[in-house]
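**Q** the following comprises the amino acid sequence and a computationally predicted model.
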Amino acid sequence: MEPKTIFHQIYISNWDSQLATEFINVPNENAIIAVSIDPPKHFTIKVYEKSNLIDSFISQPIKIKNNGAILIIIIWDGNHIVGLMLGKNKIDNYKNKNIIEIEAVRNKIIKSNIYDEPNILEKCSEWMAWRKKYYSRPKPLSKKNTILKSESEQKRELEESIMSLVDLHNDVFIANKRYKLADIYSLLRRLLFWPDETDKNKIYSPLLIRVAGYENLPLPVYATPSKNSVKDLAKIQIVIQIQIDNQMASTNQKDERMIIMDLQEWLSQPIITTKNKIYRVKDLLFDSANSWGAHNDQSIPFFLDKTRNINILSDNFLFILIKNISEVAIDLGKYIINKME
């Protein structure tokens, strides 16, 4: 792995009762970076290449003062871990026996209702114009022997789809019936995935986005913007990079870094970037439905597999991201339905 500084965010709950556990297991280039807690409350960083341990770092004793988020910064010189920071705090190795106390960033709601924000039309204007261009009214039929659905019928379908998603969310993410994830993959693609204009082979018309176009509504979310735009990333040669922080969105502002953007802007943000590929949230929606939802392919796309092998706390990143997308779709779907009444 080339020299670099690696950033990851973890979430701490009940530090004093925390047992030994692996927090993050993230692919990075051809390496795996594992971050774990080991008694008595040390952070351990291990770097593997092809399943071989290349280097490790054991920190001085750590005490996290409160529940919340902590940014881990790992400095790698190409051969060794030469630095570790938790937030703004430089962390020594295990030879320093002094306990260092760290204050986590509390996960609190700063603003509780995005629809009350005065500037959502401005922030969503670009994608509202896009929806007006493509979905301001039902398109003329291109196939013979078909009947065009009315706008009211499509709106009713949206309402039923959101009700289904609420039930599936409760089953999968609360009752832990993960065998129903396949239904969520299919439903999210039906609601949210739209093909790129350059891809003429994919013909999809996502229900939630389409109905929002009929009603000329914004689809605002709070999210952390990517450090680089997709256009910027396409111009530069960079090694594989996992971008986790951008992927959490909400209709409540939970972090000062979160800004208002349109749902489609958020879904267009990159998860993984490489020299030759930008893998976005919307790509994950398409691939997960193809792999495990609408039908079951024999193979799994490379970047989808990378995403499901990123482990954060007790779950993989794919599961956490699908949960978040479902919650955002439910909130925005209810918003559209209320506006239609």
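**A** Thanks, I have the structure now. Predicted, not measured: the structure shown is a model, and the values here were computed from it.

**Q** can you map out the helices along the chain?
**A** Ranges of helices in the chain, per DSSP state H, are 120-123, 125-135, 151-169, 181-192, 207-215, 230-235, 263-267, 281-292, 302-308, 317-340.

**Q** tilt between the last one and helix 207-215?
**A** In other words, helix 317-340. Going by axes from the mean of the first three to the mean of the last three CA atoms, to 10 degrees, helix 317-340 is angled at 30 degrees with respect to helix 207-215.

**Q** got the angle between helix 317-340 and helix 281-292?
**A** Taking the same axes, to 10 degrees, helix 317-340 and helix 281-292 form an angle of 110 degrees between their directions.

**Q** quick one: helix 317-340 to helix 151-169, angle?
**A** Counting by the same axes, to 10 degrees, helix 317-340 lies at 140 degrees to helix 151-169.

**Q** who are the packing partners of helix 317-340?
**A** On a contact count with 3 or more CB pairs under 8 Å, 6 or more residues apart in numbering; DSSP states H and E, helix 317-340 meets helix 151-169, helix 181-192, helix 207-215, strand 249-250, helix 263-267, helix 281-292, helix 302-308. For glycine as for every other residue, the C-beta is placed from the backbone atoms N, C-alpha and C.

**Q** which among the ones you listed is found nearest to Lys323?
**A** helix 151-169 (7.6 Å; CB to CB).

**Q** how far off centre is the closest one?
**A** The chain centroid and the centroid of helix 151-169 are separated by 23 Å under CA atoms, centre = their mean, to the nearest Å.

**Q** residues contacting it, please?
**A** 137-138, 149, 180, 183-184, 187-188, 190-191, 207-208, 210-211, 214, 323, 326-327, 329-330, 333-334, 336-337, 340 (CB atoms under 8 Å, 6 or more residues apart in numbering).

**Q** buried ones among these?
**A** Buried subset of the contacts of helix 151-169 (neighbour count, 16 or more other CB atoms under 10 Å): 180, 183-184, 187-188, 190-191, 207-208, 210-211, 214, 323, 326-327, 329-330, 333, 336-337, 340.

**Q** what is the neighbour count of the closest residue to Cys124 other than its chain neighbours?
**A** Leaving aside its chain neighbours, Cys124 sits nearest to Pro218 (3.6 Å; criterion: CB to CB, 6 or more residues apart in numbering). A count of nearby residues for Pro218, using other CB atoms under 10 Å, gives 23.
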